[in-house]
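Student: quick one: sequence plus predicted model below, questions after.
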Amino acid sequence: MELLHSVNDFNEAKQVIPGGVNSPVRAFKSVGGTPLFISKAQGCHLFDVDGNRYIDFVQSWGPLIFGHCDSDIQKSVYDAIGNGLSFGAPTELETTLAKEIIAIYDGVEKIRLVSSGTEATMSAIRLARAYSQKDDIIKFDGCYHGHSDALLVSAGSGCATFGEPSSPGVPKDFSKHTLVARYNDIDSVQACFETSKNVGCVIIEPIAGNMGLVPADIDFLQALREMCDKHNAVLIFDEVMSGFRASLKGVQGYCDVVPDMVTFGKVIGGGMPLAAFGGKDEIMRLLSPLGGVYQAGTLSGNPIAVSAGLASVCKIKANPQIYTHLETLAQKLVTGLKEAAKPHKIPLQTCVRGSMFGFFFCDNAVRNFDDAQKSDTQMFAKFHRKMLEKGVYLACSQFETGFVCTAMDDAIIDAVIHCAEKSFDEISKGI
């Protein structure tokens with residue numbers, strides 16, 4: 001495989017962009033090699049600047065449930081562009097998209113559109129603190145909610161403690177209000193509430209996608225709901241990744257737990273920068289201009305992004321059976337990967353939620369970040385490189401989720417499994 005142009009483009013990018021990328025997850029740092037520079041995409045395929053074609057399981061990190069260049073979504077964008085790129089004023093489209101989301105998600109009575117998942121979670125937490133009139137928050141080790149200061153916090157000396165900044169530039173005065181619990185461990189959440197009597201909200205990815213794919217247990221989410229009620233804390237589900245991806249109703253397609261607030265992104269933008277946060281009316285009415293909690297954005301509800309998102313959501317709503325088809329493909333893929341690894345005695349744990357899938361090179365099931373960190377990341381890097389050489393584009397980290405799209409079919413999955421069989425064989429032989 002020739003990557004000369006990608007190598008040259010990467011070297012040139014590093015002269016003007018820190019690390020050569022505009023998001024660190026694109027840098028291939030954990031798997032080695034040069035990140036691919038993409039020239040175009042169609043359906044389930046990417047094409048790099050060297051003309052190589054890849055089956056794409058990243059799908060722009062989740063938004064493209066219908067694959068690249070979906071004709072319906074593209075038409076909605078082209079039509080919207082004809083009316084102008086941005087107005088800085090309300091449009092009917094914003095109301096229409098808000099109504100569509102509210103009609104689907106239980107517990108979301110009002111919603112506000114923003115431009116990124118980071119903005120959505122940051123704003124939701126500010127609003128939750130105002131509603132509860134308490135300053136501390138609980139997050140979970142391994143869950144990612146964007147790069148705002150209060151959320152770039154690790155477990156420090158241990159879970160169920162006040163966290164430590166996980167990035168330079170985050171003041172300890174910010175992180176001292178964030179407690180870190182262990183995912184799928186309700187006792188650690190109880191310990192957080194015992195550590196602080198000032199917890200105003202709990203934020204969680206109910207289907208975690210940023211430590212690999214690790215769903216929360218249903219009984220854990222139910223206990224979390226009860227604990228938040230007991231302590232008068234706002235429960236926030238971060239469904240930026242899983243919303244409209246795991247099912248039409250996100251995690252609510254798997255359990256009946258209703259949070260106080262939800263954050264959305266990815267699919268609701270159809271590939272354009274768009275996110276949202278919503279929840280109970282009594283909470284949302286505290287938001288400016290009705291209430292005193294300030295949040296604003298010049299490009300919030302951008303008509304081009306909203307057009308793409310509305311087309312995506314409406315297409316899903318008209319064809320909810322796609323989730324059964326996509327889950328069947330994802331299950332076939334991970335089963336094939338596991339079978340391909342078995343003859344070489346390579347341990348592999350797998351998981352599927354709707355159109356989302358994940359796999360870990362480790363012996364035991366993964367239920368939290370501690371488990372995920374026991375994975376063989378060197379094996380993942382080898383596997384990633386081998387698959388890339390064979391034209392399969394996987395997320396460039398063990399701790400990311402993969403995605404299937406409607407442009408894929410059984411023949412595509414069969415071809416990928418065949419590539420995996422060859423890759424594991426080459427790895428075992430040291431080729």
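Tutor: That came through fine. Numbering: from 1, shown residues only.

Student: in the stretch 1-150 of the chain, which spans are strands?
Tutor: With DSSP state E, counting those that start in this stretch as the criterion, the stretch 1-150 of the chain has strands at 38-42, 45-48, 53-56, 110-114, 136-140.

Student: pairing partners for the first one, with directions?
Tutor: Think strand 38-42. Strand 38-42 pairs in its sheet with strand 45-48 (antiparallel), by DSSP bridges.

Student: how far does the partner strand sit from its chain's centre?
Tutor: Relative to its parent chain, strand 45-48 has a centroid offset of 22 Å by CA atoms, centre = their mean, to the nearest Å.

Student: ok so, going back, looking at the strands of the stretch 1-150 of the chain, which is closest to His384?
Tutor: strand 53-56 (12.1 Å; CB to CB). Every C-beta, even on glycine, is put in place using the N, C-alpha and C of the backbone.

Student: which neighbouring elements make contact with the closest one?
Tutor: On a contact count with 3 or more CB pairs under 8 Å, 6 or more residues apart in numbering; DSSP states H and E, strand 53-56 meets strand 45-48, strand 392-393, helix 410-429.

Student: need the ones you listed in JSON lines with mean neighbour count and distance to Ala80, can you?
Tutor: Listed next are those as JSON lines, based on neighbours: other CB atoms under 10 Å; distance: least, CB to CB, whole Å:
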{"stretch": "strand 45-48", "mean neighbour count": "20", "distance to Ala80": "25"}
{"stretch": "strand 392-393", "mean neighbour count": "22", "distance to Ala80": "29"}
{"stretch": "helix 410-429", "mean neighbour count": "16", "distance to Ala80": "31"}
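
Student: in a markdown table, list those along with mean pLDDT.
Tutor: As requested, these are exported to a markdown table (pLDDT from 0 to 100):
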| stretch | mean pLDDT |
| --- | --- |
| strand 45-48 | 98 |
| strand 392-393 | 98 |
| helix 410-429 | 98 |
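
Student: using CSV, lay out the ones you listed together with distance to Leu224.
Tutor: Output for those, formatted as CSV (distance: least, CB to CB, whole Å):
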stretch, distance to Leu224
strand 45-48, 38
strand 392-393, 35
helix 410-429, 35
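
Student: closest to Thr178 out of these?
Tutor: Closest of these to Thr178 is strand 392-393, at 34.6 Å (criterion: CB to CB).

Student: the closest one: what's the following helix or strand?
Tutor: On the C-terminal side of strand 392-393, the nearest following helix or strand under DSSP states H and E is strand 402-403.

Student: for the nearest residue to Asp48 once chain neighbours are set aside, give me the pLDDT.
Tutor: Spatially, and ignoring its direct neighbours in sequence, Asp48 is nearest to Leu36 (4.5 Å; CB to CB, 6 or more residues apart in numbering). For Leu36, the pLDDT comes out at 97.

Student: residue contacts, the spatially most central residue of the chain?
Tutor: The centre of the chain sits closest to Met241, judged by CA atoms, centre = their mean, with a distance of 3.1 Å. Each residue near Met241 by CB atoms under 8 Å, 6 or more residues apart in numbering is listed here: 61-62, 205, 207, 209-210, 265-266, 356, 401.
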